[in-house]
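1. okay, predicted coordinates and the sequence, questions at the end:
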Amino acid sequence: MKPQLSAPLQHELDHILDFFSKHYPSARLYLVGGAVRDMVMGREVYDLDVECYGMDERTFEEAMERLGAKGVGRSFFVFKLGHIDLSLPRTERKVAPGHRGFEVRLAHDTKEASRRRDFTMNALMLDLQNGEIVDHWGGLEDIRRRRIRVVDPRTFVEDSLRVLRAMQFSARLKFRVEKRSRDLMCGMDLDDLTPERIFREFEKMFEAPHPHYGLFTMADLGIDRKILGFAVGPGNFRKIARHMVRAAECADLHMRPYLFLFVLACDMHLNVQRLCERIHTPNIYKKVLGYQRCVPSRMTDRFLGGLALRFPLRQWLGIWADRAAERAKRLGIYDERFDPGIRPADLLEEGYAGRELGEELRARIRREVRRRFAGTVS
């Protein structure tokens with residue numbers, strides 16, 4: 001198998017291969033991790049992880065210095081050159097609490113090194129000398145069957161973040177978790193995860209093309225109860241999933257990261273700000289979602305007009321519901337905010353001031369919304 005890479009990334013890889021061929025011909029290089037999975041699936045690859053076999057630590061560091069690679073974690077034998085990470089093969093063993101509490105040692109063969117991977121699809125390796133894929137754990141078959149399966153149950157439980165990784169991989173790849181792996185993950189505690197690590201995995205799900213798959217995995221693995229503090233439940237899943245699919249089809253691209261929390265909050269009648277706090281979102285999430293309004297059970301044109309006072313309705317996360325996009329375009333409030341044409345300066349000239357001015361301004365705007373969008377119901 002020959003990697004299909006962008007021209008810049010291929011150039012970086014060719015440079016590394018030429019360097020090792022000239023200066024360290026006995027070393028053997030393998031492409032590892034998610035890049036191999038994405039190549040097998042025909043997905044675009046943006047960065048690469050290369051493991052270098054047949055070198056001790058001192059020789060490897062000397063090679064990295066000559067190559068001009070920058071160390072990004074000496075204790076983990078990892079260096080970076082452009083969009084490519086280079087490392088020595090390693091094993092990891094949990095020796096202390098937290099995600100940094102691992103003892104790292106050099107691995108001596110490909111099977112030993114690949115055992116530390118979370119899922120079989122991520123444990124594939126590509127021999128860069130002969131183009132052959134090394135698959136010690138059945139990852140190719142799992143990709144074919146579109147399933148997420150744990151490599152080694154004994155080591156998997158050492159890092160609880162992997163449960164959240166299953167969730168976001170499900171949303172990104174449209175995969176389901178294999179039953180034994182599901183049972184293992186359901187029994188894992190998530191209390192040791194830091195806020196930054198929690199949000200990072202949720203963010204990947206929010207930006208994924210199949211958020212309803214992430215929703216299913218979140219509920220199936222108990223992440224909703226353990227992180228969000230409530231259970232979605234099978235009775236709500238179908239409705240929420242259906243709405244997520246429709247919302248993803250309609251939303252502006254820059255609004256899509258906020259869709260998951262918006263739909264979940266609306267359909268479960270939850271406070272979206274509290275959801276943000278549960279997964280430790282940046283403040284921009286609270287700000288954007290704070291301007292949104294849930295989809296009402298009875299959507300009138302008057303509701304749409306009132307909402308358009310805030311922003312053009314193409315920015316509303318509920319635009320997918322009840323032909324709202326079609327209606328907003330007809331009403332002229334899809335790409336533009338609704339301007340009622342009422343200015344505070346006009347009211348000042350009429351003698352209004354202070355609190356009375358604010359009350360009169362709001363009253364006139366409400367009357368204009370009622371007049372302009374008189375009572376049409378979807």
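-> Nice, I can see it.

2. all helices of the stretch 1-150 of the chain, in order?
-> Ranges of helices in the stretch 1-150 of the chain, per DSSP state H, counting those that start in this stretch, are 7-23, 34-40, 57-67, 110-114, 139-144.

3. dump those to CSV, plus distance to residue 323, mean pLDDT and mean neighbour count.
-> Where you see a C-beta, it was placed from the backbone N, CA and C, and this is true even at glycine. Output for the helices of the stretch 1-150 of the chain, formatted as CSV (distance: least, Cβ to Cβ, whole Å; pLDDT from 0 to 100; neighbours: other Cβ atoms under 10 Å):
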stretch, distance to residue 323, mean pLDDT, mean neighbour count
helix 7-23, 44, 96, 14
helix 34-40, 38, 96, 21
helix 57-67, 58, 94, 15
helix 110-114, 51, 95, 19
helix 139-144, 39, 98, 18
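
4. with distance to residue 332 added, can I get those in JSON lines?
-> What follows is the helices of the stretch 1-150 of the chain, written out as JSON lines (distance: least, Cβ to Cβ, whole Å):
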{"stretch": "helix 7-23", "distance to residue 332": "45"}
{"stretch": "helix 34-40", "distance to residue 332": "43"}
{"stretch": "helix 57-67", "distance to residue 332": "59"}
{"stretch": "helix 110-114", "distance to residue 332": "58"}
{"stretch": "helix 139-144", "distance to residue 332": "48"}
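
5. closest to residue 370 out of those helices?
-> Distance to residue 370, taken as Cβ to Cβ, is lowest for helix 34-40 among these, at 53.4 Å.

6. how far off centre is the closest one?
-> On the basis of Cα atoms, centre = their mean, to the nearest Å, helix 34-40 sits 18 Å off its chain's mean C-alpha point.

7. disregarding flanking residues, what is the spatial nearest neighbour of residue 202?
-> Leaving out its chain neighbours, the residue that sits closest to residue 202 by Cβ to Cβ, 6 or more residues apart in numbering is residue 279, at 4.8 Å.

8. let me see the contact set for that neighbour.
-> Contacts of residue 279 were listed using Cβ atoms under 8 Å, 6 or more residues apart in numbering, and they are 198, 199, 202, 227, 228.

9. now the buried members of those.
-> Neighbour counting by 16 or more other Cβ atoms under 10 Å classes 198, 199, 202, 227, 228 among the contacts of residue 279 as buried.

10. from those residues, which land in helices?
-> Under the assignment DSSP state H, these contribute 198, 199, 202 to helices.

11. ok, residues contacting the lengthiest helix in the chain?
-> Taking DSSP H as the criterion, the chain has its longest helix at helix 354-372. Here helix 354-372 makes contact (Cβ under 8 Å, 6+ apart) with 302, 305, 306, 309, 338, 340, 341, 342, 344, 347, 348, 352.

12. name the SS class of the third one, please.
-> With DSSP: H, G, I helix; E, B strand; the rest coil as the basis, the three-state label of residue 306 is helix.

13. and it, what pLDDT?
-> If you check residue 306, the pLDDT there is 95.

14. how far away is it from residue 350?
-> As for residue 306, its distance to residue 350 is 24 Å (criterion: Cβ to Cβ, to the nearest Å).

15. compare the two and say which is more crowded by neighbours.
-> Neighbours per residue, other Cβ atoms under 10 Å: of residue 306 and residue 350, the larger number sits with residue 306, 17 against 9.

16. need the strands for this protein, in chain order.
-> With DSSP state E as the criterion, the chain has strands at 28-32, 48-53, 70-73, 78-81, 84-87, 90-94, 102-106, 125-127, 133-134, 147-148, 176-177.

17. pipe these into a markdown table and attach mean neighbour count and mean pLDDT per row.
-> Shown next, in a markdown table, are the strands of the chain (neighbours: other Cβ atoms under 10 Å; pLDDT from 0 to 100):
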| stretch | mean neighbour count | mean pLDDT |
| --- | --- | --- |
| strand 28-32 | 22 | 97 |
| strand 48-53 | 21 | 96 |
| strand 70-73 | 12 | 80 |
| strand 78-81 | 20 | 93 |
| strand 84-87 | 20 | 96 |
| strand 90-94 | 15 | 72 |
| strand 102-106 | 15 | 73 |
| strand 125-127 | 21 | 97 |
| strand 133-134 | 16 | 98 |
| strand 147-148 | 22 | 98 |
| strand 176-177 | 21 | 98 |
